[in-house]
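1. Prediction below, plus the sequence it came from.
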Amino acid sequence: MLRRKNGSKAISASDISQYVYCPVSWYLKRCGVQPQSSGLKRGIDAHEKAGSRLILLERRERAAGIFRLLGYFSAIIAILLIGWILWTYF
């Protein structure tokens, strides 16, 4: 890895990618902590839990979008029906 003139480590593109994925993992790697630490299992579990929450959120957003479209469609049908009734009877 490259070093700056003042002796600190330079940050590479892969470091940025790892930081975006998991800042804690990036920090631990940067400090020289080996990946076989006792907190690794907790970190993996936390990522799996967060991933399952994201999947649930994606499903809820998709369902909300479908209900929104159904609401728009129902509103348009109601407006057309009211217009037809008013046009026919008045």
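-> Ah, there it is. Residues are numbered from 1 along each chain as shown.

2. Let's check: the centremost residue of the protein is which one?
-> Centroid-nearest residue in the chain, with Cα atoms, centre = their mean: residue 54, separated by 5.9 Å.

3. Assign residue 43 to helix, strand or coil.
-> helix (DSSP: H, G, I helix; E, B strand; the rest coil).

4. Tell me who's in contact with it.
-> Neighbour list for residue 43: 22, 24-25 [criterion: Cβ atoms under 8 Å, 6 or more residues apart in numbering]. Any C-beta I mention is one placed from the backbone N, CA and C, and that applies to glycine too.

5. Pull out the buried positions in the helix or strand bottoming out on mean pLDDT in the chain.
-> Taking mean pLDDT, DSSP states H and E as the measure, the chain has helix 23-30 as its least confident helix or strand, at a mean of 80. Going by neighbour count (16 or more other Cβ atoms under 10 Å), the buried part of helix 23-30 is 25-26, 28.

6. Likewise for stretch 49-62?
-> By 16+ other Cβ under 10 Å, stretch 49-62 has no buried positions at all.

7. what does stretch 71-82 give?
-> Going through stretch 71-82 with 16+ other Cβ under 10 Å, nothing comes out buried.

8. Rounded mean pLDDT for it, please.
-> The average pLDDT within stretch 71-82 is 97.

9. Make CSV out of the contacts of residue 43 and add distance to residue 50.
-> As requested, the contacts of residue 43 are arranged in CSV below (distance: Cβ to Cβ, whole Å):
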residue, distance to residue 50
22, 10
24, 12
25, 13
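
10. thinking again about what came up before, can you tell me which of the buried residues of helix 23-30 is nearest residue 65?
-> Distance to residue 65 across these (Cβ to Cβ) is lowest for residue 25, with 33.3 Å.

11. Helices of this structure, start to end?
-> Using DSSP state H, the helices of the chain run over residues 13-21, 23-30, 39-89.
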